[in-house]
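Enquirer: no sequence for this one, just the structure:
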């Protein structure tokens, strides 16, 4: 089909559907009609189509569109353990028995179980063989609020009121012939928890093992300490309600 240059040609172009014309293409087509009218020439439909096609924005192929990579989630580090084995650096550690607490032989640094505050730090307590008496109150984890003691052949390396963690050395154990005893202390830090009436009022003369001592041994075992030889025996006394009966979730 031929379009006659002049007003007719412009009129024909103008009748093309508006949806087929991009703004820039429509303007160029109109300009072409005006130029053709002035020159007195004929313009073919094919030529008008070429003008429109050259002015249209080419569509991008799907393969050319780059997908924005989604951000991969940052790896989450596992939380640190709430308690650690306090006897992990003792050389030649030998479990001996459960009594009011748990007895061990060996030598080396002793750590706090976890976050705590030191409440006693004595190296010359006459009430214990060797004279050592250290207590601290745990401030975190399933035993938060409970008091722990370390006694006998130990020299404290901390002071009362000091805040400690499972990375803090609280005492040095030495080979003095008595070994050490560690377990649950009374809330005021005066002596072993087993001596309280609520725990059966069992002192240094037994009978052993105490329920309180078995509880502390179970905690140590959960943290990787070898069990005491009498850990499987029936316990004497009572386990106060404040002391957990088991230690799920603790890993060595």
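Expert: Structure received. Note that the structure is a prediction, hence the values are computed from the model and not measured.

Enquirer: drop to CA atoms for contacts and neighbour counts, all remaining ones
Expert: Fine.

Enquirer: partner residues bridging the nearest residue to residue 138 once chain neighbours are set aside?
Expert: Of all residues not flanking residue 138 in the chain, residue 116 sits nearest, at 4.2 Å (Cα to Cα, 6 or more residues apart in numbering). With DSSP bridges applied, residue 116 shows beta-bridge pairing to residue 138, residue 164.

Enquirer: quick one: strands adjacent to the longest strand belonging to the chain?
Expert: Of all the segments of type strand in the chain, defined by DSSP state E, the longest one is strand 102-111. Sheet pairing for strand 102-111, assigned by DSSP bridges, gives strand 91-98 (antiparallel), strand 169-173 (antiparallel), strand 180-185 (antiparallel).

Enquirer: average pLDDT across the second one?
Expert: Read it as strand 169-173. Here strand 169-173 scores 98 as its mean pLDDT.

Enquirer: do the same with the last one
Expert: Averaging pLDDT along strand 180-185 gives 98.

Enquirer: which other residues reach it?
Expert: 100-105, 135, 146-154, 173, 191-194, 212-213, 216-217 (Cα atoms under 8 Å, 6 or more residues apart in numbering).

Enquirer: repeat that with 6 Å
Expert: By Cα atoms under 6 Å, 6 or more residues apart in numbering, the residues outside strand 180-185 that reach it are 101-104, 147-153, 191-193, 216.

Enquirer: Check the shortest one too.
Expert: Counting contacts by Cα under 6 Å, 6+ apart, the residues outside strand 169-173 that touch it are 107, 108, 109, 110, 111, 153, 154, 155, 156, 157, 158.

Enquirer: before we move on, the earlier item: would you list the strands paired with strand 102-111 in CSV and tack on mean neighbour count and distance to residue 208?
Expert: Shown next, in CSV, are those (neighbours: other Cα atoms under 10 Å; distance: least, Cα to Cα, whole Å):
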stretch, mean neighbour count, distance to residue 208
strand 91-98, 18, 7
strand 169-173, 22, 24
strand 180-185, 26, 14
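
Enquirer: how about the helices in the chain?
Expert: 7-14, 23-39, 45-55, 211-222 (DSSP state H).

Enquirer: mean pLDDT for those helices: which is lowest?
Expert: Lowest mean pLDDT of those: helix 7-14, a mean of 43.

Enquirer: okay, how far is it across stretch 167-176, tip to tip?
Expert: 25 Å (Cα to Cα, to the nearest Å).

Enquirer: cool, stretch 126-138 as well?
Expert: 25 Å.

Enquirer: low-scoring stretches of the stretch 51-200 of the chain, by residue?
Expert: Along the stretch 51-200 of the chain, the parts satisfying pLDDT under 70 run over 51-74.

Enquirer: rerun that using 90 as the cut-off
Expert: Applying pLDDT under 90 to the stretch 51-200 of the chain flags the ranges 51-80.

Enquirer: Could you pull up the residues touching the residue nearest to residue 125 when sequence neighbours are not counted?
Expert: Nearest non-adjacent residue to residue 125, counting by Cα to Cα, 6+ apart: residue 131, 4.3 Å away. If you count contacts by Cα under 6 Å, 6+ apart, residue 131 has them with 123, 124, 125, 152.

Enquirer: returning to what we had before: could you dump the strands paired with strand 102-111 to CSV with distance to residue 225?
Expert: Shown next, in CSV, are the strands paired with strand 102-111 (distance: least, Cα to Cα, whole Å):
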stretch, distance to residue 225
strand 91-98, 9
strand 169-173, 16
strand 180-185, 13
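
Enquirer: So which of those is nearest residue 200?
Expert: Set against residue 200 and scored by Cα to Cα, these come closest in strand 180-185, at 13.8 Å.
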